[in-house]
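Enquirer: next one to model:
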Amino acid sequence: MERTLSLLTPSGRLTLGNLLGALRPMVAAQRDADCFYGIADLHAMTTPHDPGRLRTLVRETATLMLAAGLGDATVFTQSQVPAHAQLAYLLECTATTGELNRMIQFKEKGRGVDSTRASLYTYPALMAADILLYRPHRVPVGADQRQHVELTRDLALRFNRLYGPVFTVPELTLPAAGARVMRLDDPTRKMGKSDADAAGVVLLLDPPDVVRRKVGRAVTDSDTGPDAVRAAPGKPGVTNLLEVLAACGGSAEGLTTYGALKRAVTDAVVAVLEPLQERYAELADDPAHVTTVLEAGAARCREVTGPVLVAAQAAMGL
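Expert: Predicted coordinates for the structure are as follows:
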């Protein structure tokens, strides 16, 4: 069976954008592929973090992944599979400073900061290790990570050429159009985990009244008339609301005012989140089950990644 891999970084609480843009496609992929879905807690340490909050976010993320329906995949925590960090160093010995200097995320996160952690600079090598250890056939990735996956392919090709054919060179696949959910208060920006405290970000565990308040304050525009509720290049806020409505199974038919649109979006979002939150509550009340799933996932990952790490070490002369 074809193998695929996706990792979520616990840099913040999961949002509606994560559900529609990442978790749903991950659930769908389980039908046709051997899926490995990880929580990239090592990546969350590339910037200043609070240890206690990191542990909490890892647990919440894992529980939400299972609540979303990832029961047929191998779900694991990155730090519990030592080969990730071990292979990362070998790939640091394969990458060049010129390649790492070109990474956009390193430049963006370092802008206006006196200094950054060295791990932020070498993070692309760890991401490459995350991927290559599993020899996946394809890696679904958002546009913001495309450069890193392209570097992964370059490193795999170079390693195989210099030391021998150890790695599978994965194909990069982009998510379907419309999977990118924007912030409700600023529709020019992606709804991301790092902005979880923002008024325009709907969290997966937000209760209905909070969802209603956030959607009610969503940016629209000053357009009026019977055709005001429409998607258009000059109407990013309305377009975003319409896309969220459609993604959540709602319909814009007959909607002529922004108030009606927001009510419809609220109802559709709440209808999607309610069963997820109910399942999350059940799993949160049974922490031993979540622990068992993660331990089993890590054990399988160690079985899969161990031979790849050994082969890479031997190829490099270790």
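Enquirer: quick one: G250 from K262, how far?
Expert: Distance check for G250 against K262: by Cβ to Cβ, to the nearest Å, it reads 11 Å. C-betas here are computed from N, CA, C, even on glycine.
Enquirer: surely G192 meets G17?
Expert: Yes - using Cβ atoms under 8 Å, G192 makes contact with G17 at a distance of 6.9 Å.
Enquirer: more neighbours: the two, which one.
Expert: Under the criterion of other Cβ atoms under 10 Å, the comparison of G192 against G17 puts G17 first, with 23 against 18.
Enquirer: how about the contacts made by the more buried one?
Expert: Taking Cβ atoms under 8 Å, 6 or more residues apart in numbering, we find G17 in contact with 180-182, 190-192, 201.
Enquirer: how much space between it and A198?
Expert: Computed as Cβ to Cβ, the G17 to A198 distance reads 12 Å.
Enquirer: quick one on the thing from earlier: find the residues that touch each one of G192 and G17.
Expert: Contact criterion Cβ under 8 Å, 6+ apart; residues bridging G192 and G17 by contacting each: V201.
Enquirer: in the protein, where is pLDDT below threshold?
Expert: Regions of the chain meeting the criterion pLDDT under 70 cover residues 143, 175-179, 196-197.
Enquirer: and the helices in this structure, which stretches?
Expert: In the chain, helices defined by DSSP state H lie at 16-18, 24-29, 51-67, 83-92, 97-101, 104-110, 118-132, 146-163, 208-216, 236-247, 258-284, 287-315, listed in chain order.
Enquirer: format those helices as JSON lines; extra columns: distance to T173.
Expert: What follows is the helices of the chain, written out as JSON lines (distance: least, Cβ to Cβ, whole Å):
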{"stretch": "helix 16-18", "distance to T173": "18"}
{"stretch": "helix 24-29", "distance to T173": "10"}
{"stretch": "helix 51-67", "distance to T173": "20"}
{"stretch": "helix 83-92", "distance to T173": "22"}
{"stretch": "helix 97-101", "distance to T173": "22"}
{"stretch": "helix 104-110", "distance to T173": "20"}
{"stretch": "helix 118-132", "distance to T173": "13"}
{"stretch": "helix 146-163", "distance to T173": "9"}
{"stretch": "helix 208-216", "distance to T173": "31"}
{"stretch": "helix 236-247", "distance to T173": "19"}
{"stretch": "helix 258-284", "distance to T173": "24"}
{"stretch": "helix 287-315", "distance to T173": "21"}
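Enquirer: what's the closest of those to T224?
Expert: For the helices of the chain, proximity to T224 was assessed by Cβ to Cβ; helix 258-284 is nearest, at 9.2 Å.
Enquirer: who does the closest one touch, helix- and strand-wise?
Expert: helix 51-67, helix 208-216, helix 236-247 (3 or more Cβ pairs under 8 Å, 6 or more residues apart in numbering; DSSP states H and E).
Enquirer: to A315, which of these lies closest?
Expert: Nearest to A315, of all the helices and strands packed on helix 258-284, is helix 51-67, at 32.6 Å by Cβ to Cβ.
Enquirer: angle of that closest one against helix 258-284?
Expert: Between helix 51-67 and helix 258-284, the angle formed by their directions is 100 degrees, by axes from the mean of the first three to the mean of the last three Cα atoms, to 10 degrees.
Enquirer: residues in contact with helix 51-67?
Expert: Counting by Cβ under 8 Å, 6+ apart, 8, 10-14, 23, 37, 39, 41, 44-45, 75, 77, 204-205, 276-277, 279-280, 283-284, 287, 290, 293-294 sit against helix 51-67.
Enquirer: equivalent analysis for stretch 70-88, please.
Expert: Applying Cβ under 8 Å, 6+ apart, the set of residues contacting stretch 70-88 from outside is 7, 23, 26-27, 30, 34-43, 58, 62, 65-66, 122, 125-126, 128-130, 132-133, 293-295, 297-298, 300-302, 305-306, 308-309, 312.
Enquirer: as a quick check, tell me the outermost residue of this structure.
Expert: Residue distances from the centre of the chain (Cα atoms, centre = their mean) peak at G225, which lies 38.6 Å from the mean C-alpha position.
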